[in-house]
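> Quick check, what structure comes out for this input:
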Amino acid sequence: MTSPSATLTVWASSWLAGNSAPDDVIDALHAWAPMHLACAEDQDTAQRTGLPWPDPQDAGVTALLQTMRRSVSQPETEIRLVLPGPGDVRGLPAGTGFASAAIGTGEGVLVGPPGRPGTGLVPHVEGPDVLRWTVSTIERLPLDAHHTGLGEAEFTMREAVRDAALEALHMLDSGFGTDPRALIADALAKSALHRYPTTIAPRALRILDSADQVAAILTVAEQMAPARTVSASGAATLEDLLRPLRSAVRSARTAAVNACARDGLTA
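Numbers count the residues shown, from 1 in each chain. The predicted structure is shown next:
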């Protein structure tokens, strides 16, 4: 698991489907930070959800889960992960405070029936041990017209691993003292600290594992690029390789996580 929002999406949907206990969700989130705070984005959201505003006070993960449980009481409700990036705002409700916050952090969770009112949640790092979740009211959730299927996501990740990711790795592996493969292994070990529910579909797990591999290569490439791309043209070439990989990783992760969430809620 590579973001608090992905963790919340997968584990909350598993809990709401009756496949996990609330303590499982809490434990999974605590792997990101020992303290989680929850607060409303504005006064109207505070009145609707009962969450504190403007300060989180003592509201934590339990209050967050209670808010999600109330939100999924509507028919056709989904729990949906969004991972926006530069120039990529797929799945965001345009012009909302939630969209601005999710773009700023690169992640968020939407809860509710597509095309109807719902709830948005965005985590913010407040310190080495604290995550603060801001909960927003959204008048109309997106219809997710940009949905990526698992088959497409798996194919894209397989091609990314085989082609562009390996080419980026080759550009970095040019005789310097640090072995990029060792750094990639370290990055993968960190992502492995965050576990998935045992009920996750094998295909979704394969996609997420592939996305983690490509993301680890991206992380190492971005760390090592200043030392290894000695010309402007070399830096531009590397960036041309990395940009579509970042998009592919985001698409694969959202497809796999959201498929798990849909399967859980409709089981």
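> what about residue 2, neighbour count?
19 (other Cβ atoms under 10 Å). Glycine gets a C-beta too; all of them are placed from N, C-alpha and C.
> you'd agree it is up against residue 252?
No - under the criterion of Cβ atoms under 8 Å, residue 2 makes no contact with residue 252, lying 10.9 Å away.
> Now list whatever residues contact both of those two.
residue 211 (Cβ atoms under 8 Å, 6 or more residues apart in numbering).
> Identify, by residue count, the longest helix of the chain.
Ranked by residue count, the top helix of the chain under DSSP state H comes out as helix 232-266.
> helices or strands next to it in the packing?
Helices and strands touching helix 232-266, by 3 or more Cβ pairs under 8 Å, 6 or more residues apart in numbering; DSSP states H and E, are helix 4-16, strand 78-82, helix 150-162, helix 164-172, helix 202-228.
> quick one: it to strand 78-82, angle?
Computed with axes from the mean of the first three to the mean of the last three Cα atoms, to 10 degrees, the direction of helix 232-266 lies at 170 degrees from that of strand 78-82.
> what's the distance between helix 232-266 and the middle of its chain?
10 Å (Cα atoms, centre = their mean, to the nearest Å).
> again, but for stretch 26-41
Its chain's average C-alpha position is 15 Å from that of stretch 26-41, according to Cα atoms, centre = their mean.
> pLDDT on that stretch, on average?
In this model, stretch 26-41 has a mean pLDDT of 93.
> Same question for stretch 47-56.
86.
> just stretch 180-193 next, same as before
The model assigns stretch 180-193 a mean pLDDT of 79.
> Can you give me the buried ones in that stretch?
Residues 180, 183-184, 187-188, 191 are the ones in stretch 180-193 that count as buried (16 or more other Cβ atoms under 10 Å).
> Likewise for stretch 189-205?
So, applying 16+ other Cβ under 10 Å, buried residues of stretch 189-205: 191, 194, 196-197, 200, 204.
> rewinding a little: let me know the closest of the buried residues of stretch 180-193 to residue 16.
residue 191 (24.8 Å; Cβ to Cβ).
> if I look at the nearest residue to the closest one once chain neighbours are set aside, how far off is residue 95?
Leaving aside its sequence neighbours, residue 191 sits nearest to residue 212 (Cβ to Cβ, 6 or more residues apart in numbering; 5.0 Å). Using Cβ to Cβ, to the nearest Å, residue 212 is found at 33 Å from residue 95.
> The two - which one has more neighbours?
Remark: of residue 212 and residue 95, residue 212 carries more neighbours, 21 against 9, as counted by other Cβ under 10 Å.
> Would you map the helices across the stretch 1-150 of the chain?
Remark: helices assigned in the stretch 1-150 of the chain by DSSP state H, counting those that start in this stretch are 4-16, 22-30, 43-49, 61-71, 97-105, 150-162.
> Residue 88 against residue 250, yeah?
Yes - under the criterion of Cβ under 8 Å, residue 88 makes contact with residue 250 at 6.7 Å.
> Pick out whichever of the two has more residues nearby.
Set side by side, residue 88 and residue 250 show more neighbours around residue 250, with 22 against 15, by other Cβ under 10 Å.
> what's the next secondary structure element after the lowest-mean-pLDDT helix or strand in the chain?
Lowest by mean pLDDT, DSSP states H and E among the helices and strands of the chain is helix 164-172, with a mean of 63. Later in the chain than helix 164-172, the nearest helix or strand by DSSP states H and E is helix 180-191.
> That following helix to helix 202-228, inter-axis angle?
130 degrees.
> name the helices or strands packed onto helix 180-191?
With contacts taken as 3+ Cβ pairs under 8 Å, 6+ apart, helix 180-191 sits against helix 164-172, helix 202-228.
> In terms of mean pLDDT, which of these ranks lowest?
helix 164-172 (a mean of 63).
> Now residue 200: closest residue in space that isn't a chain neighbour?
Residue 200's closest residue in space is residue 260 (Cβ to Cβ, 6+ apart), at 5.5 Å.
> In this structure the one you found contacts residue 13, no?
Yes - using Cβ under 8 Å, residue 260 is in contact with residue 13, at 6.8 Å.
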